[in-house]
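Peer 1: Show me how the following folds:
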Amino acid sequence: MRRIVLAMVTTAMLAAQAVAQPKAFPDHAVKLVVPFTAGGNADVVARMVAQGMGDQLKQSVIVENRPGANAMIGAEAVARSAPDGYTMMLATAESHAINPHIYKKVNYDAVKDFAPVGVIGYFPFALVINPKLPVQNLAEFVDYAKKNKGKLNFASWGVGSTSQIAFEQFKQTTGIDLVHVPYQGAAPALTAIAGGQVDAFMVPLSVAVPQARNGRVRLLGVTTAQRVATSPDIPTLSEQGVAVVSGGWHVLVVPKATPIEVVALLNKALLATTSAPAMREALLKVGVDPASTSPMDAEKMLVAEWQRWGKIARDAAVQAD
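Peer 2: Predicted coordinates:
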C-alpha cells in the first residue's frame, strides 16, 4: 500500500511540474502588426522580415495590417496586447516619434508602452519637384521659392506623415514658405507633382529614382549625410548648402512587459534575418539599408528620434485632429 501511495504522490508531483513548466517560445504563430495598408513600403518590408524571422523561429510570422489614424490604430492595438512576444509591430517615425507631438489624444505612450526588439533598417528621402518649374537645381529652387513666397506648395502622404515633417525641416532650414497639400498616399502625390498641381515633395529615394528617370519629376537631392551607394550620382542636400539630414526607419517593437528573454530571442531572429546576404540585397532593392542593433541601441534611437521629429513638428506648429 505504501508503495502505491508513494507512486501516486510521485506521479502527481511530476504532473504538477509538467503543468508548471513554461512552454518554449514560440510554440505557435507570431503576429506582426503593420499600422499601414497593404502594398506600401512598410508592408513590403514587414512581409520580407516576417518570412525571414519565421524561418529562424521555426514558426509562422503572420503580417496583419491595421491601418488608420496615421498608424495610431495599429500602435494602440499592439500596446494593449498580451506582453508574451506573440504580437510584434513594425514601428515608424509616424507611430513613435511624430504622433505624440501633433495629436491632442494618443491612446498609447510611444516610449513607455513598447519594448524595442531592434532596428530593421533606415531609408533616405529625396526632394523632388515638378519638372516644369523654371529651376534646374536645389539653389535655384530655394531662390525661386523665396521670390514666390507663399505661392508654391508641397505634397505629403498625409498630415503628420514623415514626408510632411521632413519637408517642414527643409522649410525651416532654408527659410522658404510653401503651402502643405496632404494626399492619401505617395502615389497620388507623385501624380500631382507630375501633373503640375503640386510643386514639391519629400519622398523615399527608392520611389523618387524611377520617377525621375522617366521624367515625371526632377530630383534635386537626397537627405543623407553622404551620398547613397546605390545612387552615387545624386548629391546630398547638405553638400549643396542645405543642412538637412533626415530619413525614415522601421523598428520592431513588442508590448513593454514582454519578458527580456523573449525580446532577446526575437532580436536574435531579427539579426539573423537582416544579416543574411539574400535578405540584405532584397531590402536594399526596396530602398532600405539593413541595420543590426541590440534592443538597447534601438531604444536609444527611438528616444532620440522622438525628440528630433517632435521638435520639428512643434516648431512648424503641425497639429492633427
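
Peer 1: how about the helices of the stretch 151-300 of the chain, start to end?
Peer 2: Using DSSP state H, counting those that start in this stretch, the helices found in the stretch 151-300 of the chain span residues 162-174, 186-195, 205-213, 260-275, 277-285, 295-315.

Peer 1: can these go into a markdown table with extra columns for mean pLDDT, mean neighbour count and distance to residue 227?
Peer 2: From N, CA and C alone the C-beta is placed, and that goes for glycine too. A markdown table is the format used below for the helices of the stretch 151-300 of the chain (pLDDT from 0 to 100; neighbours: other C-beta atoms under 10 Å; distance: least, C-beta to C-beta, whole Å):
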| stretch | mean pLDDT | mean neighbour count | distance to residue 227 |
| --- | --- | --- | --- |
| helix 162-174 | 95 | 22 | 18 |
| helix 186-195 | 90 | 19 | 23 |
| helix 205-213 | 92 | 19 | 11 |
| helix 260-275 | 98 | 18 | 23 |
| helix 277-285 | 94 | 14 | 15 |
| helix 295-315 | 94 | 17 | 22 |
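
Peer 1: Throw those helices into JSON lines and include distance to residue 94, thanks.
Peer 2: Formatted as JSON lines, the helices of the stretch 151-300 of the chain follow (distance: least, C-beta to C-beta, whole Å):
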{"stretch": "helix 162-174", "distance to residue 94": "6"}
{"stretch": "helix 186-195", "distance to residue 94": "13"}
{"stretch": "helix 205-213", "distance to residue 94": "17"}
{"stretch": "helix 260-275", "distance to residue 94": "21"}
{"stretch": "helix 277-285", "distance to residue 94": "20"}
{"stretch": "helix 295-315", "distance to residue 94": "9"}
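
Peer 1: Can you check which of those gets nearest to residue 85?
Peer 2: Closest of the helices of the stretch 151-300 of the chain to residue 85 is helix 260-275, at 3.8 Å (criterion: C-beta to C-beta).

Peer 1: Taking helix 295-315 as reference, get the angle to that closest one.
Peer 2: Helix 260-275 runs at 80 degrees relative to helix 295-315, counting by axes from the mean of the first three to the mean of the last three C-alpha atoms, to 10 degrees.

Peer 1: Quick check: which ranges of the stretch 1-150 of the chain have low pLDDT?
Peer 2: The stretch 1-150 of the chain contains residues with pLDDT under 70 at 1-22.

Peer 1: And the nearest residue to residue 172 once chain neighbours are set aside, how far from residue 101?
Peer 2: For residue 172, ignoring the flanking residues on the chain, the nearest one in space by C-beta to C-beta, 6 or more residues apart in numbering is residue 315 at 6.2 Å. Applying C-beta to C-beta, to the nearest Å, the value for residue 315 to residue 101 is 10 Å.

Peer 1: burial count for residue 26?
Peer 2: Residue 26: 20 surrounding residues under other C-beta atoms under 10 Å.

Peer 1: So it sits against residue 86, correct?
Peer 2: Yes: Residue 26 is within contact range of residue 86, at 6.6 Å (criterion: C-beta atoms under 8 Å).

Peer 1: Show me where the chain has its strands.
Peer 2: 30-34, 61-65, 87-91, 114-129, 153-156, 179-182, 200-204, 218-222, 247-255, 289-290 (DSSP state E).

Peer 1: Could you export these as TSV, including mean neighbour count and distance to residue 145?
Peer 2: Converted to TSV, the strands of the chain look like this (neighbours: other C-beta atoms under 10 Å; distance: least, C-beta to C-beta, whole Å):
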stretch	mean neighbour count	distance to residue 145
strand 30-34	21	35
strand 61-65	18	37
strand 87-91	26	33
strand 114-129	24	10
strand 153-156	24	10
strand 179-182	15	11
strand 200-204	26	8
strand 218-222	23	12
strand 247-255	24	22
strand 289-290	20	30
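
Peer 1: Mind checking those for the one nearest to residue 41?
Peer 2: Counting by C-beta to C-beta, residue 41 lies closest to strand 200-204 out of the strands of the chain; the figure is 6.3 Å.

Peer 1: Report the strands that pair with the closest one, each with its relative direction.
Peer 2: Partner strands and pairing direction for strand 200-204 (DSSP bridges) are strand 114-129 (antiparallel), strand 153-156 (parallel).

Peer 1: Include distance to residue 233 when you put the ones you listed into TSV, please.
Peer 2: Converted to TSV, these look like this (distance: least, C-beta to C-beta, whole Å):
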stretch	distance to residue 233
strand 114-129	12
strand 153-156	24
